[in-house]
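> Please find the sequence and the predicted model below.
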Amino acid sequence: PISTRIVEIGARMGQFRQAADALPEFFRACFTRTVRQFLLAARAQLDWRRCRVDRTLMALVLVQLHGKRLDSLSNQMRQTKSMSPDYAIAWWRERELRPPRIDPVEFLTKRLAWRYARGTPEIQRDARMFLGDSEKVLPLLHRRIQDGELSRASLLFTSPPYFSITNYHYDQWLRLWLLGGQPTAHRTGTGAYRGKFEHPIVYGALLTQVFTSAAKVLKRDAVVYVRTDRRETTYRATVDALKQAFPKRKILRYSRPFKGPTQTQLFGDKGKKVGEVDLVLLP
């Protein structure tokens, strides 16, 4: 069904020729017209919120949206974050880099085959997925558990935002555009967490609130596994929040030195390879 959906989106590309040419300069320097048309068709047609097939395909497109030239749909760019449009355009011009000529249908079909070459994952039939702000979703889940609509979870597996490292809205502006956002890196709207989490008190309160809410939806013998930043501010806030949310649990710490690109290596304090750490709370 997913491969068929790729072809269906490709068949609608012709409807978006004018829209593809009307996109800002960054898009024309980043993607060929054919790729832009495919992305616009996917953006308009994929019902990723409600349809599992469309959601899977959108996830594949998002992963391949930008990265190494010829290994993604874009001109040369980091895969982990979207670059500033002005910076990217200047960088490509200086190196005379053009977006790769790719047939998006063929490209994504091959990536799909590679992704499932060893089979498809087994999904628990009664599993549920909830999309939303953890501050709002977790209390709602707790009420539904109390009403008998849902069962408690047996695992909390997460990595909270690192203090003063990344701005999730700005750094992922291109993927957010594909999901329906504006074609600009300047995020609109207001919110306490549309930034780099640079206020230590607000940051600590956020972690405490979310972990405390998460504790209310977990089984007593649930495992808690948290990957976080080893820098002092992030690490201490995470540990303090976990202690408040799970006061009777012992926290086991496992250091994770650099073996590849990480948030702190790419976007943190230059020259300070402090790495990351896993915090595990067993029953």
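Yep, that arrived.
> quick one: least confident helix or strand in the protein?
None of the helices or strands of the chain scores lower by mean pLDDT, DSSP states H and E than helix 263-267, at a mean of 54.
> Now do the same contact list for M77.
Neighbouring residues of M77 by CB atoms under 8 Å, 6 or more residues apart in numbering: C30, H66, G67, M83, A88. In short, each C-beta sits where N, CA and C put it, glycine included.
> mind listing the strands for this structure?
With strands called from DSSP state E, the chain shows them at 153-158, 218-229, 251-256, 276-281.
> Need those strands in JSON lines (columns: mean pLDDT and distance to G132).
Compiled in JSON lines, the strands of the chain are given as follows (pLDDT from 0 to 100; distance: least, CB to CB, whole Å):
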{"stretch": "strand 153-158", "mean pLDDT": "96", "distance to G132": "15"}
{"stretch": "strand 218-229", "mean pLDDT": "95", "distance to G132": "18"}
{"stretch": "strand 251-256", "mean pLDDT": "91", "distance to G132": "28"}
{"stretch": "strand 276-281", "mean pLDDT": "95", "distance to G132": "24"}
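> Could you dump those strands into CSV and include distance to E8 and mean neighbour count?
Formatted as CSV, the strands of the chain follow (distance: least, CB to CB, whole Å; neighbours: other CB atoms under 10 Å):
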stretch, distance to E8, mean neighbour count
strand 153-158, 34, 13
strand 218-229, 38, 17
strand 251-256, 42, 12
strand 276-281, 41, 18
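> Redo these as TSV? Include distance to T4.
What follows is the strands of the chain, written out as TSV (distance: least, CB to CB, whole Å):
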stretch	distance to T4
strand 153-158	32
strand 218-229	37
strand 251-256	40
strand 276-281	40
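> Ok, which of these comes nearest Q15?
Closest to Q15 of the strands of the chain is strand 153-158 (CB to CB; 40.0 Å).
> Strand partners (parallel or antiparallel) of that closest one?
Looking at strand 153-158 with DSSP bridges, its partner strands are strand 218-229 (parallel).
> Distance from the chain centre to the partner strand, please.
20 Å (CA atoms, centre = their mean, to the nearest Å).
> re the thing from before, for the strands of the chain, which one sits closest to Q37?
strand 153-158 (37.1 Å).
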